[in-house]
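A.B. asks: can't give you the sequence, but here's the structure:
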């Protein structure tokens, strides 16, 4: 029983390494741009939610708009970081793929 479990574990590990080697580039870039999209979407949600649900005199409307501006600022910093660190991210992906090839 222990021998079968060991073999199955090794097979699963090799399948996992193969899948990571094939998909790691897409996963990393998807995660980064999905995070940017979520931040941008959260900013729009907060901004339009405040405009629709609160009066102009209500301070909560201003707070929601301030929160939207902060979230958009964070999204801009993330986008600038992605642009500035593109080569480093691509290098990290290449290193990970090479590591996956080494373990085969």
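C.D. replies: Looks like it arrived, so ask away. Because the structure is predicted, anything quoted here is derived from the model rather than measured.
A.B. asks: what's the longest helix in the protein?
C.D. replies: Longest among the helix segments of the chain by residue count, using DSSP state H, is helix 2-53.
A.B. asks: Now do the buried residues in whichever helix or strand comes after that helix.
C.D. replies: Of the helices and strands lying after helix 2-53 in sequence (DSSP states H and E), the nearest is helix 59-84. If you call a residue buried by 16 or more other CB atoms under 10 Å, then helix 59-84 has these buried ones: 61, 64-65, 67-68, 71-72, 74-75, 78. Quick note: C-beta positions are derived from backbone N, CA and C, even for glycine.
A.B. asks: pLDDT (mean, whole number) over helix 59-84?
C.D. replies: Helix 59-84 shows a mean pLDDT of 95.
A.B. asks: Going C-terminal from it, what's the next secondary structure element?
C.D. replies: Heading C-terminal from helix 59-84, the first helix or strand you meet, by DSSP H and E, is helix 86-102.
A.B. asks: Let me know the angle separating that following helix from helix 59-84.
C.D. replies: With axes from the mean of the first three to the mean of the last three CA atoms, to 10 degrees as the basis, helix 86-102 and helix 59-84 are set at 60 degrees to each other.
A.B. asks: Tell me the buried residues in helix 86-102?
C.D. replies: By neighbour count, with 16+ other CB under 10 Å as the criterion, the buried positions of helix 86-102 are 93, 100.
A.B. asks: contacting residues around the closest residue to residue 72 other than its chain neighbours?
C.D. replies: Sequence neighbours aside, residue 43 is the residue nearest to residue 72 in space, at 4.3 Å (criterion: CB to CB, 6 or more residues apart in numbering). For residue 43, the contact set (CB atoms under 8 Å, 6 or more residues apart in numbering) comprises 68-69, 71-72, 75.
A.B. asks: Give me the below-cutoff pLDDT ranges for the chain.
C.D. replies: In the prediction, the chain carries residues with pLDDT under 70 at positions 104.
A.B. asks: okay, which residue is most central for it?
C.D. replies: Geometric centre of the chain, nearest residue: residue 31, 2.7 Å, by CA atoms, centre = their mean.
A.B. asks: now the buried residues of helix 59-84 as JSON lines including distance to residue 98?
C.D. replies: Shown next, in JSON lines, are the buried residues of helix 59-84 (distance: CB to CB, whole Å):
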{"residue": "61", "distance to residue 98": "52"}
{"residue": "64", "distance to residue 98": "47"}
{"residue": "65", "distance to residue 98": "47"}
{"residue": "67", "distance to residue 98": "42"}
{"residue": "68", "distance to residue 98": "42"}
{"residue": "71", "distance to residue 98": "36"}
{"residue": "72", "distance to residue 98": "37"}
{"residue": "74", "distance to residue 98": "32"}
{"residue": "75", "distance to residue 98": "32"}
{"residue": "78", "distance to residue 98": "27"}
